[in-house]
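1. For reference, the sequence and a predicted model appear below.
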Amino acid sequence: MRQYVYFIIVALSLFACKNDNDQSDYAYLGGEIINPNNNFIVLSRADQVIDTISLDSHNRFVYKLKNLNPGMYTFRHGSEVQTVFLEPLDSIMFRLNTFDFDESLVYTGEGAKKNNYLINEFLQNEIDEHKIFKLCQLNPEAFEKQIDSIKNNKTEKLNRFKNKYKTSPLFNKIAQSNIDYSYYSSKEIYPFVNYNSNKRNLLKSLPKDFYSYRKNIEYNNELYNTSYLNYNSFLRSSFNNIALEKHLNHSKEDCFNNTSLCYNLDKLNIVDSLVVNTSIKNELLYYFTISFLTKNKNIDNDNVILKSFLNKSTDDKNKEIITNLVHSLNNLKPGGTFPNIDLVNTENGELKIKSVISKPTVIYFWSNKFYDHFKKTHHKASELKIKYPEMHFIAINIDDINLNSWRNTLKRNNFSLRNEYQFEKPEESMNILAVYPITKVFIIDKDNSIVNSNTNMFASNFEEQLLGLLNR
């Protein structure tokens, strides 16, 4: 603790020692990473890398941004990403622990208060999401009244903050826009989260002005996409919903299926027709395509969605990723042989996965980035091991982190190191196994043949799948 206080004093002293001839269009950013995954952070703005900044022997850094363009910046450490709002003459320090990345992040220094406000709002939005999912079961009028109240409370809180700290017009605009787009997103997800399976009737029951804000929405504003934390999430929810309305116009089905090929093709077509900005369009096309591919159970549809994506996207890298993903999914069909990927065990020994599969096996994945999922899957696997002793359970950590960090995460949570592995070549193996999302689970028979390549440990029929394999 003393060392950290000393670090802050030295850094802030450095910030204060400015040459009188210096321009005022700069800011300082510094910090300390607890339990680092590597020895650097990557600083970016609008997906453009500014610099890769090395950590010193105490896992700290101080960096000066010259010719500062005020706004939101991104810093990445390992697989973790967060944002920081920077304006001229800011001198911001942060301290965070990779074991609890977002929740441990605290800013100090000149400009810290506005960033602590933004990070607290980010965390509050995660809490509010669970509440709003429950509110979505209300009728449209009652739902709208509740989320109007949430929005008004946030706006009042922001106004108090602005009055107390005399914030800049740019900060005020970003903070208010985050509130607005979070509110819009809540409305856009309403038809999907509501339990009413007849989405056609549900949409007809909405008040006429329920989506009146849409006439003022800019779907092509790249500045919004990089500055407003909730804009990107809103775009995804909005296009899901607009596509739903179009899909129901030509579909005769009352019971909506969000994994249907027709609906997802409608979605790509709408993005292509409404979004002109190349960056935003490519991002949305990629997101919706990969979301479909990871949920789709009919592999024959993969090539259809791939063709539509390739005709619309102009991002060569994304095209390559999606094409390779479809190729991998085609190679992971039930009945095929599970790829003999290279693993590393907790003793740093290298081995082939085939060498550890000798009976029916469940293979699941985890990452430090999804900490709750990591704990829940390991607890669930422990329960299933007792119920189904004939099954073998293998956990694979997908992070590109060192051996000690990986082992310590398991030990700290009192999980056994037995049957725990890492990919020897994380990126290559992730692509071969198409590990997205992280909840994906494989079920393999004793002969290394794939039974299910895309199930979920928490699916309602997961145990039925295990019993079906064991009773063969």
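-> Everything's here; your move. Numbering: from 1, shown residues only.
2. Please make it C-alpha for all contacts and neighbour counts, starting now.
-> Fine.
3. How many neighbouring residues does the nearest residue to residue 141 once chain neighbours are set aside have?
-> Closest residue to residue 141 apart from its sequence neighbours, by Cα to Cα, 6 or more residues apart in numbering: residue 207 at 7.5 Å. Using other Cα atoms under 10 Å, residue 207 has 12 neighbouring residues.
4. Same question for residue 81.
-> 15.
5. do the same with residue 180
-> Neighbour count for residue 180, taken as other Cα under 10 Å: 20.
6. what about the strands in the stretch 301-450 of the chain?
-> With DSSP state E, counting those that start in this stretch, the ranges of strands along the stretch 301-450 of the chain come out as 342-345, 350-352, 361-366, 392-397, 420-423, 440-444, 450-456.
7. How about the contacts made by residue 259?
-> Contacts for residue 259 (Cα atoms under 8 Å, 6 or more residues apart in numbering) come out as 292, 295-296.
8. That one falls within a strand, correct?
-> No - counting by DSSP: H, G, I helix; E, B strand; the rest coil, residue 259 is not part of a strand but coil.
9. change the start of the numbering to 52 and stick with it
-> Done: numbering now begins at 52, and the last item shifts to residue 310.
10. so how far is residue 351 from it?
-> Separation of residue 310 from residue 351 (Cα to Cα, to the nearest Å): 13 Å.
11. Residue 284 now?
-> Distance of residue 284 to residue 351, given as Cα to Cα: 29 Å.
12. out of those two, which sits in the busier spot?
-> For residue 284 versus residue 351, neighbours defined as other Cα under 10 Å are more numerous around residue 284 (15 against 10).
13. Now name the helix or strand holding that one.
-> helix 282-301 (DSSP states H and E).
14. Give the buried residues for the helix or strand that that helix is followed by.
-> Note on helix 282-301: by DSSP H and E, the next helix or strand toward the C-terminus is helix 312-325. For helix 312-325, a neighbour-count test (16 or more other Cα atoms under 10 Å) marks 312, 314-323 as buried.
15. my guess is residue 208 is in a helix, correct?
-> Yes - with three-state DSSP as the criterion, residue 208 is part of a helix.
16. one step back: can you say which of the contacts of residue 310 are buried?
-> Among these, those scoring as buried are 343, 347 (criterion: 16+ other Cα under 10 Å).
17. got TSV for the contacts of residue 310, with distance to residue 178 too?
-> TSV is the format used below for the contacts of residue 310 (distance: Cα to Cα, whole Å):
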residue	distance to residue 178
343	27
346	26
347	29
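18. of the contacts of residue 310, closest to residue 428?
-> The shortest gap between residue 428 and any of those belongs to residue 346, at 19.1 Å (Cα to Cα).
19. what's the pLDDT at residue 375?
-> For residue 375, the pLDDT comes out at 92.
20. For residue 481, see how far away it is.
-> Counting by Cα to Cα, the gap from residue 375 to residue 481 is 11 Å.
21. go on, residue 120?
-> To residue 481, residue 120 is 37 Å away according to Cα to Cα.
22. repeat for residue 460
-> 21 Å.
23. One more: residue 370?
-> In this view, residue 370 and residue 481 are 17 Å apart by Cα to Cα.
24. Same check on residue 244?
-> Residue 244 is 31 Å from residue 481, by Cα to Cα.
25. Repeat that for residue 419.
-> Applying Cα to Cα to residue 419 and residue 481 gives a distance of 16 Å.
26. Residue 192 now?
-> 45 Å.
27. When those two are compared, which one has more neighbours?
-> residue 481 (16 against 12).
28. State the pLDDT value of that one.
-> 92.
29. do the same with the one 4 residues further on
-> Per-residue confidence at residue 485 stands at 92 (pLDDT).
30. Is it correct that it is in contact with residue 380?
-> Yes - Residue 485 lies in contact with residue 380 (Cα atoms under 8 Å); the separation is 6.7 Å.
31. Compare the two and say which is more crowded by neighbours.
-> Set residue 485 next to residue 380 and count neighbours by other Cα under 10 Å: residue 485 wins out with 22 against 19.
32. Many thanks, we can stop here.
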